[in-house]
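Enquirer: whatever this is, show me its structure:
(4 chains)
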Protein chains: 2
Amino acid sequence: MQTRGTREDDAIMAKAPTVYDVAERARVSIASVSRVLRNPDSVKEQTRERVLEAVRHLGYVPSANARGLAARRTNVIGLFFPGHDDVAGSDGRLVAASGGVTVVRDDATGDPETHNYYFDEVLRGAEIEAWRRGFALMVAAGRGASREAIVNDIAGRVDGLAVLARTVPDELLAHVARRIPVVVLAATRGTDEFDHVSVNNAPGMRAITEHVLGTGARRLMYIAGPEDSPDDRERLEGFRAAVDGAEGVSVELVRGDFSRVRGREIALRIEAMPEAIVCANDQTALGVLDAMGRRSISVPDDVMVTGFDGIAAGRHSTPRLTTVHQPMVELGRAAIQALTARLDDPSLEAQSLVLPVQVVLRDSCP
Amino acid sequence: MQTRGTREDDAIMAKAPTVYDVAERARVSIASVSRVLRNPDSVKEQTRERVLEAVRHLGYVPSANARGLAARRTNVIGLFFPGHDDVAGSDGRLVAASGGVTVVRDDATGDPETHNYYFDEVLRGAEIEAWRRGFALMVAAGRGASREAIVNDIAGRVDGLAVLARTVPDELLAHVARRIPVVVLAATRGTDEFDHVSVNNAPGMRAITEHVLGTGARRLMYIAGPEDSPDDRERLEGFRAAVDGAEGVSVELVRGDFSRVRGREIALRIEAMPEAIVCANDQTALGVLDAMGRRSISVPDDVMVTGFDGIAAGRHSTPRLTTVHQPMVELGRAAIQALTARLDDPSLEAQSLVLPVQVVLRDSCP
DNA sequence: AGCCCAACTGTATGCGCTTACAGTTGTACT
DNA sequence: AGTACAACTGTAAGCGCATACAGTTGGGCT
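Expert: Numbering: from 1, shown residues only, chains lettered A, B, ... in the order given. Reported below is the predicted structural model:
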């Protein structure tokens, strides 16, 4: 097996050094090198030192590919979520190579940021948990047509895959799930093929709506999200449950799209102001608050507003936003936990975890 | 080479299927399977169909490890950044397995969110660019002592590594850089061993400070960030440059730590109110705005406030925050570009890219 | 019919590790 | 001194794929 060409130690290496290079320099076998790296105590100190010296000297970094191949596991977990597809100005080359400074005036007429930080938080949770369990995290965003290729690619690289709801068609997921465990986030699907982690959407929305009704409000408006969102469906369901349980309540239902702009648009056009506007998510609610500010309508005195998600921006809005906080970081962590649990014991039943939410009362609906 | 045990097609496979399984079912050699996957046109259609059928039937997903090992590249790029170490409640197990709903009142006395969204944005940019160039993205956060192990681990998994400034000691970086290209973000170091991508900190801060001075303000306060931050150092430098160029300006320098809480604390304690408070970043400035609101001090009438970063929250604060927008998404993208450029041509000179910034005038300092 | 070449397919090797298993050494015993 | 065994270390066999190279096949030509 020693057909490998001997390399010069001190010459600049064209290729990255391998165990063989290290072994040669330390005058041991490659097995010992491997041991020093994976299980240092199983090697005599003197030998270990020689190996470590060689590692340092050569700038050796073990190839995770070879490791993964030999050990049959990658120690990586994948996280797949809906893509931030089209970012303004993402068209290829950077505008300037060596920067200047320009000055612009932003009078708030432009589009507010549409991105929501939901995924960032989930990602953060996932990253934390993955690290604690000794896994690296690979992230990928789903984008249009190439989705299938990407998912397959990622699936080949990881030991487990967490997927945000509705990002990937069931069929593809099923294909992938034959190879590695898959957990679906934020959606309780009918099928029970995979593990699921979601939050208590319906009960949360029900609880905050009941709080609204508890203030005496009877004329409500509900601004929903996109119809294809399972989250939205559940929240609407919770809203209905609360309303159905109360006397003499009138409801106007408006379809939004979870975005801040859309919330603002809708609120700007309201003619008969309700006593309370219940929004399916925070971004929408923040848009509503923007609109009310512009229209000089006082929140909560003239109309109360509530959101759902608990994004950070709601803590600092004017007025501060009453909302249902869902544990986004926990969601990410739970996903990793579910995955590692299944890796430890593949025979586990598919489980469906529902995380608790918290109604947070702030100024917009005290 | 056919020592591998034949497997039952329809039986539930204990292990993931491999090229061998696919080849067997499609009655071709593994080479053809590989060809179908990598270069479909080089195989006769009829054969291709058989292979694809087998792939589908068996739920085959190619192992990226084996691929990477054979092809000597992973097509993954790593992103390493300072960790979100200690998240509240990150201690192991989840509290509830099947959630309820609780209600709390948030009267704004608690700690505001300390996290800043800088990294999320950079990550987003990196993800986008990586995807466009056919790379997957692996993320890892640096945490205390295990940093070295993590970096080494990641380095073994990727073709290139982007590192946020000061996350990793130079020595470690140098070790890793012997194997793969490394680009350092948001820091122009003295050494020119690696590629660098950063933003125009000093000129940006200088420009916004000059704007402040242009309003006639002469008594300024500057709330800096932590001393070990290169960003902070450059910004302070820019501030000084602007101030030095003006007549009769008095400056009070206070040391903050880039956090919102700290900004608020500092602003709550100010006795002799300056005409303007220039903050080293947005979070700090937002904290200052919080404090001013609480103290019923009008911004910008009684005191002007400026930030630096251009985070989304600044667009919606009360009053809206004047700041220097740095292209965080672009930063991430540029990092990936630098990396891929070097992968394409390893002989490239170490380059140092400086991205332009933009002064954004809003209500807090019109 | 015989030849040549394009188009396709198969064989065999090795990528850089981990790890079962088989030595090898040193030492505590009998 | 001889034996047994613990503590190390080395040998060798893959892990699943890509790919250079060597067939094989089937026209189109002469």
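
Enquirer: got the phi/psi numbers for A:Ala246?
Expert: With angles defined as degrees, to the nearest 10, A:Ala246 sits at phi -110, psi 160.

Enquirer: mind checking how far it is from B:Leu268?
Expert: 43 Å (C-beta to C-beta, to the nearest Å). All C-beta spots, glycine's among them, are computed from the backbone N, C-alpha and C.

Enquirer: A:Ala66 too?
Expert: Taking C-beta to C-beta, one finds A:Ala66 at 57 Å from B:Leu268.

Enquirer: repeat that for A:Ala149.
Expert: With C-beta to C-beta as the criterion, A:Ala149 and B:Leu268 are 54 Å apart.

Enquirer: what does chain A have sitting close to DNA strand D?
Expert: Residues of chain A found near DNA strand D (C-beta under 7 Å from any atom of the strand) are A:1, A:27-32, A:35, A:42-44, A:46-47, A:66, A:69-70, A:72, A:156.

Enquirer: just these: which are in helices?
Expert: Counting by DSSP state H, the residues of chain A next to DNA strand D place A:30-32, A:35, A:46-47, A:66, A:69-70 in helices.

Enquirer: identify the farthest-apart pair in those.
Expert: Farthest pair in those (C-beta to C-beta) is A:Gln46 and A:Leu69. Separation: 30.9 Å.

Enquirer: so which of these two has more stuff around it?
Expert: Taking neighbours as other C-beta atoms under 10 Å in any protein chain shown, A:Gln46 and A:Leu69 compare with A:Leu69 leading, 19 against 8.

Enquirer: measure that one to chain B for me?
Expert: For A:Leu69, the distance to chain B (C-beta to the nearest C-beta, to the nearest Å) stands at 4 Å.

Enquirer: with A:Val184 instead?
Expert: Look at A:Val184 and chain B: by C-beta to the nearest C-beta, they are 17 Å apart.

Enquirer: what's the stretch of helix or strand that residue belongs to in contact with?
Expert: Following DSSP states H and E, one finds A:Val184 within strand A:182-185. Applying C-beta atoms under 8 Å, 6 or more residues apart in numbering or on different chains, the contact partners of strand A:182-185 are A:122, A:160-165, A:173, A:176, A:194-198, A:331-332, A:335, A:338-339, A:342.

Enquirer: can you dump the C-alpha coordinates of that strand into PDB?
Expert: These are the backbone C-alpha positions of strand A:182-185, laid out as PDB (Å, rounded to 0.1, in the frame of the first residue of the first chain):
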ATOM      1  CA  VAL A 182     -36.300  14.000   8.300                       C
ATOM      2  CA  VAL A 183     -38.200  16.400  10.600                       C
ATOM      3  CA  VAL A 184     -40.700  18.900   9.400                       C
ATOM      4  CA  LEU A 185     -41.000  22.200  11.200                       C
END
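
Enquirer: partners of that strand, with directions?
Expert: Applying DSSP bridges, strand A:182-185 is found paired with strand A:160-164 (parallel), strand A:195-199 (parallel).

Enquirer: so which of those comes closest to DNA strand C?
Expert: Evaluated over the strands paired with strand A:182-185, closeness to DNA strand C peaks at strand A:160-164, with 18.4 Å, by C-beta to the nearest atom of the strand.

Enquirer: pull the number of nearby residues for the residue of the stretch 101-250 of chain A found nearest chain B.
Expert: Using C-beta to the nearest C-beta, the single residue of the stretch 101-250 of chain A nearest to chain B is A:Arg178, 3.4 Å away. Applying other C-beta under 10 Å, we find 16 residues neighbouring A:Arg178.

Enquirer: please enumerate the strands of the stretch 1-150 of chain A.
Expert: Under the criterion DSSP state E, counting those that start in this stretch, the stretch 1-150 of chain A contains strands at A:76-82, A:101-105, A:136-142.

Enquirer: ok, of these, where does mean pLDDT dip lowest?
Expert: For these, the weakest mean pLDDT is recorded on strand A:101-105, namely a mean of 82.

Enquirer: do that one and chain B meet?
Expert: Yes: looking at strand A:101-105 against chain B by C-beta under 8 Å from any C-beta of the partner chain, the contacts come from A:101-105.

Enquirer: which residues are in contact with that strand?
Expert: Here strand A:101-105 makes contact (C-beta under 8 Å, 6+ apart) with B:200, B:203-204, B:206-207, B:211, B:324, B:356-362.

Enquirer: which parts of that strand are buried?
Expert: Residues of strand A:101-105 classed as buried by neighbour count (16 or more other C-beta atoms under 10 Å in any protein chain shown): A:Val101.

Enquirer: make a ChimeraX selection of the buried ones in the residues of chain A next to DNA strand D.
Expert: The buried subset of the residues of chain A next to DNA strand D, as determined by 16+ other C-beta under 10 Å, is captured in ChimeraX by this line:
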select /A:28,32,35,43,47,66,69,156
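
Enquirer: ok, which of the residues of chain A next to DNA strand D also contact DNA strand C?
Expert: Residues of the residues of chain A next to DNA strand D in contact with DNA strand C (C-beta under 7 Å from any atom of the strand): A:30-31, A:35, A:66, A:69-70.

Enquirer: turn those residues into a markdown table, including pLDDT.
Expert: Formatted as a markdown table, those follow (pLDDT from 0 to 100):
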| residue | pLDDT |
| --- | --- |
| A:Ile30 | 94 |
| A:Ala31 | 94 |
| A:Arg35 | 94 |
| A:Ala66 | 95 |
| A:Leu69 | 93 |
| A:Ala70 | 93 |
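
Enquirer: wait, which of those residues is closest to chain B?
Expert: Using C-beta to the nearest C-beta, those come closest to chain B at A:Leu69, 4.4 Å.

Enquirer: if you tally nearby residues, what's the number for the nearest residue to the closest one once chain neighbours are set aside?
Expert: Excluding the flanking residues, the one nearest A:Leu69 by C-beta to C-beta, 6 or more residues apart in numbering or on different chains is B:Asn65, at 4.4 Å. B:Asn65 has 25 neighbours, counted by other C-beta under 10 Å.

Enquirer: check B:Asn65 and give its pLDDT.
Expert: pLDDT, B:Asn65: 94.

Enquirer: now do the same end-to-end measure for stretch A:333-353.
Expert: One end of stretch A:333-353 sits 12 Å from the other (C-alpha to C-alpha, to the nearest Å).

Enquirer: buried sites along that stretch?
Expert: Buried residues in stretch A:333-353, counting neighbours by 16+ other C-beta under 10 Å, are found at A:333-343, A:350, A:352-353.

Enquirer: mind listing which of those are in helices?
Expert: Residues of the buried residues of stretch A:333-353 located in helices (DSSP H): A:333-343.

Enquirer: hmm, back to that, could you find the closest non-adjacent residue to the residue of the stretch 101-250 of chain A closest to chain B?
Expert: Excluding the flanking residues, the one nearest A:Arg178 by C-beta to C-beta, 6+ apart is B:Gly59, at 3.4 Å.

Enquirer: where does the prediction get shaky in the stretch 151-300 of chain A?
Expert: Along the stretch 151-300 of chain A, segments meeting pLDDT under 70 span A:188-192.

Enquirer: get me the contact residues on it for chain B.
Expert: A:152-157, A:175-176, A:178-180, A:199-200, A:203-204, A:206-207, A:211, A:286, A:290.

Enquirer: would you list every one of the helices in the stretch 151-300 of chain A?
Expert: Counting by DSSP state H, counting those that start in this stretch, the segments of the stretch 151-300 of chain A that form helices are A:170-177, A:201-214, A:230-244, A:260-269, A:282-295.
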